[in-house]
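Trainee: Whatever this is, show me its structure:
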Amino acid sequence: MRKYADDQERIIRVKRLADEWAASGLIDATQQARIVAGLGVDLRRTNRFLRLTLFGFGLLIIAAAVGLAVVTLHVNDARSVGTLFLMAAAVSVLCTEVLIGRFRLYRFGVEEACAAGAAVLVAAGSALVASPWTVATSSDRQVFIALLAGSAAAFAVYRRYGYVYAAVGALLCVSLAPFHLPLSNTVQRLLAAALLGGCFLGARIKRRRYGDEFPGDEHATIQASAWLGLYAALNIHLFPRSVARQPVALFYWFTYAMIWILPAAGLGLSIRDRDRPLLAASLVMGLATLSTNKPYLGAAREPWDPILLGLLLIGTAIVMRRWLATGKDGTRGGFTPAPLLRSDNDTRAAVAIASAAVTSAHLHSDPPAPEPFKGGGGRSGGAGAGDSF
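Mentor: You can find the predicted model right below:
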């Protein structure tokens, strides 16, 4: 059962939309005040920056408290440490319940840190407690147990408190778990893809049932995350280290076909349903496909490949913008190239900053160390002089 009532969640979302419309100039202050007049909730909220700050400090305090308990109680063996972690997770959950129930916190950062810390402690504690029963204390088995326990704990946090990022974390954990089983790389990828495909279908059914309203917005994010994970599990060249064990040829070309089919199918579904998270995920997948196409075909990458990709994206954007703008009232099928919400500009700015940061880090990476100087063995003292000098 959710800690927050559904009516509270809906009211908060309506108020957030009204604030965004007013900031974007779609409505004036009078209209905004009229919309939010009867939308009061007895919950305490804060801005995004303070929320992230309190979240980080909360996790730091939890880690320090648990570490202090381990040192003070002189806990040494893995099973005892794991038991202590599980006890600390229960205390963290209790703190979350008190902070929300008594102090009425909503996305305040502190209670989120307690809930997230509890999920991490459950994952680590379960792996340590189970370590005496694993064969030769295999690290892969411990990681597998940690991922399964962390996935279950993160999903429980989402179900109880509505933190969507906890559901995304649960998807990440459950998709990584098959890669720590004693199976071939092909079976591992197929198992991860099957799990993520099932999560995608489940989230999609609920997304279509509720639409853009709560809780449909949460299921839309989970659906897009599962779709991205499914693509990542099937794209062999997305992470270069994963190509060390080449799969069989049939599976290899199956994945090559899927990295083209999945983005195209995602674009079609997102445009039909006007699903922005799925649309963004499909566009990212399309870029990844273009970036990994050459490695799939065994072609050598050239220095001008990023330039060609950039020109292709610019040309596509110009063509799409002009095509949409030439429609009736500057729209086609409900889509318009004109920015309507301020959040769209904020998203573009964040992407630009991230792109600049990645490019800067790549350009300013340390050059390889020069080869040590070796002399030629000249008898006269010259480094390269020959014996006959």
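
Trainee: can I assume A29 is in contact with A22?
Mentor: Yes. With contacts counted by CB atoms under 8 Å, A29 reaches A22, the gap being 6.5 Å. Just so you know, the C-beta spots here come from the backbone N, C-alpha and C atoms, and that holds for glycine as well.

Trainee: And those two? Which one has more around it.
Mentor: A22 (19 against 8; other CB atoms under 10 Å).

Trainee: now that one, nearest residue through space, not along the chain?
Mentor: Once flanking residues are discounted, A22 sits nearest to Q32: 4.2 Å by CB to CB, 6 or more residues apart in numbering.

Trainee: which stretches of the stretch 1-150 of the chain aren't confidently modelled?
Mentor: 132-138 (pLDDT under 70).

Trainee: Mind doing that once more with 50?
Mentor: Residue ranges of the stretch 1-150 of the chain with pLDDT under 50: 134-137.

Trainee: Does the residue nearest the centre of the chain fall in a helix, a strand, or a coil region?
Mentor: Among the residues of the chain, V168 comes closest to the average C-alpha position under CA atoms, centre = their mean, at 6.6 Å. Under DSSP: H, G, I helix; E, B strand; the rest coil, V168 falls in the helix class.

Trainee: Quickly list the domain ranges of this protein.
Mentor: According to automatic domain parsing, the chain comprises the domains 1-41, 45-179, 183-317.

Trainee: Relative to K206, how far out is L228?
Mentor: 18 Å (CB to CB, to the nearest Å).

Trainee: Likewise for A63?
Mentor: Distance of A63 to K206, given as CB to CB: 35 Å.

Trainee: Over to W21?
Mentor: 26 Å.

Trainee: again, but for L234
Mentor: For L234, the distance to K206 - CB to CB - is 24 Å.

Trainee: quick one, which of these two is more surrounded?
Mentor: Each of L234 and K206 has its neighbours counted (other CB under 10 Å); L234 has more, 23 against 15.

Trainee: tell me the contacts of the more buried one?
Mentor: 189, 193, 255, 258-259, 262 (CB atoms under 8 Å, 6 or more residues apart in numbering).

Trainee: quick check, nearest of these to V110?
Mentor: A193 (37.4 Å; CB to CB).

Trainee: I'd say the closest one and A232 touch.
Mentor: No. A193 lies out of contact with A232 (CB under 8 Å); the separation is 9.4 Å.

Trainee: L171: which element?
Mentor: If you go by DSSP states H and E, L171 is part of helix 164-176.

Trainee: what packs against that helix?
Mentor: In this structure, helix 164-176 makes packing contacts with helix 110-130, helix 139-161, helix 185-210, helix 216-234, judged by 3 or more CB pairs under 8 Å, 6 or more residues apart in numbering; DSSP states H and E.
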